[in-house]
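Asker: only the shape, not the letters, is given here:
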């Protein structure tokens, strides 16, 4: 079938691909390389050193922000995944009815509304609550992160549910499984890779957020990204590069772990 | 049809199933009643969209009837959810649980019934032996062949010892040779377990070879219920005669009706004996069916006369298509022998003699 269209044989394909890869990865490579710079500049190379990693590690502000980020991401991703799983079950395991499309849109609203709009709205909304209740803890950030993480957790879970053979659940019911037992023994184990994917995605999205966090956080509630943003307003040292590099490593680790878990599940 | 003795396992009474609402309403089942006996291999036969799978799903509990009752040993099960019905299903795509082993799949139903572990284990071993899958009990269902998956699906559905086993076109995904093997296997399993089988298929040959009784369905209605022999030799309606096997339709005038028999005067002027379908109302132009193998071609005069139009060789037999003088077509099936041809050639003037007890008068 020589006549079949194969994009890899088109003129310039290799060149365009190479340019894309450079554009995507060169900045990241530069960032990682300068994390090991022994000098104070993020642009002038002076020698190899782990100095900035040590400095970041010993910087209480960085460590506090990192812990805060992880706390928020953990809570937000977990809650969002539970909500998303329930939402995905409710929207896929039902006969289509008028208004279902509206429900999809409703669940995915955070993907469609500009983040800055949500951020301002939450700022105003939460400041009211702060005045009424006097509470100003991390709960606001966790709630806000949960809200915008839901669609990210929802999409892979729904995709998994939609690709699942419905006759499996029918078969479970036929074999005397009550709806709860059918869910626990058949739907849930098969859905698990989707749930895990949703959780990971939500976790990374939460860890990464700047806009909403910047608006919602109270004083002294910097997360790692907002702390780094704050640093840019002063002078930039390779400490930022070091933090980013660690961030990058954690992300790669999470993706790799997930990849192996999901591959194992699919092959079993 | 007079109800013969034998307790009924399933009795379907005036069941309607309507899908959709308002203008787009479709009656998938139009007031169906049928009684399925205990220990019977009962087949629902019909083309796709005839309602056979809908009826099966209503018996399984995956759908609920819009009207009517479904009795299992005299008890109305129509409102019960599937997990409360002592009825199991073999699905068309098998629907084996991919995250469980063969043995875990087979034991699932018993486990859900809350049977003790030892009992489950013993029963699973017994079922593995019944379907000859002992060696593969710890395999994942994705690691076994289609035919083996079929056996596991059967074992899984039989393990809880259901009162009735429902089979939804379970052989359609298998190749021809495996299908033939599984047909025999299914008959053996039904015989050994003594469970009532309700089998859904669109394959008329499968229905004829496997069933004790067949219900032929079309457009949400059951047209005829009977033994394979009844259905094939004494079809009640044109649809049944046409759907099952090949057949010849002739127009005739009916006289001398009585005792389920009559005299049929064909357009050729010849008069033959015929059996009459139940519910036949006397009318001017009745339809008479004659199976191709129940007629004989002669070079002399027969009940019908015509010209040979086409000769088709099938190995075991030869089909000779004749254009009758009345301009109707008629096919004769003639058994082949090694030594000689069929004895006729295209364009030959031939007679057709119809055997005694070869013709059936349809009711429509």
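Answerer: Cool, got the structure. No experiment lies behind these values; they were computed from the predicted model shown. Numbering: from 1, shown residues only, chains lettered A, B, ... in the order given.

Asker: please list the residues of the stretch 51-200 of chain B that sit near chain A.
Answerer: Within the stretch 51-200 of chain B, the residues that sit near chain A (CB under 8 Å from any CB of the partner chain) are B:60-62, B:81-84, B:87-89, B:91, B:93, B:95-99, B:108-109, B:112-113, B:140, B:156-157, B:160. The C-beta positions use only the backbone N, C-alpha and C, and glycine is treated the same way.

Asker: I'd like to know how far the closest residue in space to residue B:335 that isn't next to it in sequence sits from residue B:53.
Answerer: Spatial nearest neighbour of residue B:335, chain neighbours left out: residue B:317 (5.3 Å); criterion: CB to CB, 6 or more residues apart in numbering or on different chains. Going from residue B:317 to residue B:53 by CB to CB, to the nearest Å gives 34 Å.

Asker: so which residues of chain A form helices?
Answerer: In chain A, the helices defined using DSSP state H lie at A:13-35, A:51-58, A:60-92, A:100-107, A:109-112, A:115-133, A:139-163, A:166-174, A:179-182, A:188-208, A:211-216, A:224-233, A:238-267.

Asker: of all those helices, which one is nearest chain B?
Answerer: helix A:166-174 (4.0 Å; CB to the nearest CB).

Asker: in the closest one, what's buried?
Answerer: A:167, A:168, A:169, A:170, A:171, A:172, A:173, A:174 (16 or more other CB atoms under 10 Å in any protein chain shown).

Asker: please name the residues that touch the residue nearest to residue A:170 when sequence neighbours are not counted.
Answerer: Distances taken as CB to CB, 6+ apart put residue B:62 closest to residue A:170, at 5.8 Å, once the chain neighbours are dropped. Applying CB atoms under 8 Å, 6 or more residues apart in numbering or on different chains to residue B:62 gives the contacts A:170, A:173, A:174, B:82.

Asker: any chance of a markdown table for those residues, columns distance to residue A:228 and pLDDT?
Answerer: Converted to a markdown table, the contacts of residue B:62 look like this (distance: CB to CB, whole Å; pLDDT from 0 to 100):
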| residue | distance to residue A:228 | pLDDT |
| --- | --- | --- |
| A:170 | 51 | 93 |
| A:173 | 52 | 94 |
| A:174 | 56 | 94 |
| B:82 | 56 | 93 |
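
Asker: tabulate those residues (a markdown table), appending distance to residue B:47.
Answerer: Shown next, in a markdown table, are the contacts of residue B:62 (distance: CB to CB, whole Å):
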| residue | distance to residue B:47 |
| --- | --- |
| A:170 | 24 |
| A:173 | 28 |
| A:174 | 25 |
| B:82 | 26 |
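
Asker: am I right that the residue nearest to residue A:170 is in a helix?
Answerer: No. Going by DSSP: H, G, I helix; E, B strand; the rest coil, the assignment for residue B:62 is coil, not a helix.

Asker: sketch out the low-pLDDT regions of the stretch 1-150 of chain A for me.
Answerer: A:1-4 (pLDDT under 70).

Asker: on that earlier part again, quick check, nearest of the buried residues of helix A:166-174 to residue A:22?
Answerer: Using CB to CB, residue A:168 is the member of these that sits closest to residue A:22, with 45.9 Å.

Asker: assess the claim that that closest one and residue A:191 are in contact.
Answerer: No. With contact defined as CB atoms under 8 Å, residue A:168 and residue A:191 do not form a contacting pair (11.0 Å).

Asker: quick one: the helices in the stretch 51-200 of chain B?
Answerer: Here the stretch 51-200 of chain B has its helices, by DSSP state H, counting those that start in this stretch, at B:52-60, B:102-112, B:117-130, B:146-158, B:176-193.

Asker: now render those helices as JSON lines, adding distance to residue A:109, mean pLDDT and mean neighbour count.
Answerer: Formatted as JSON lines, the helices of the stretch 51-200 of chain B follow (distance: least, CB to CB, whole Å; pLDDT from 0 to 100; neighbours: other CB atoms under 10 Å in any protein chain shown):
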{"stretch": "helix B:52-60", "distance to residue A:109": "37", "mean pLDDT": "93", "mean neighbour count": "24"}
{"stretch": "helix B:102-112", "distance to residue A:109": "39", "mean pLDDT": "94", "mean neighbour count": "24"}
{"stretch": "helix B:117-130", "distance to residue A:109": "48", "mean pLDDT": "92", "mean neighbour count": "16"}
{"stretch": "helix B:146-158", "distance to residue A:109": "43", "mean pLDDT": "91", "mean neighbour count": "23"}
{"stretch": "helix B:176-193", "distance to residue A:109": "52", "mean pLDDT": "88", "mean neighbour count": "15"}
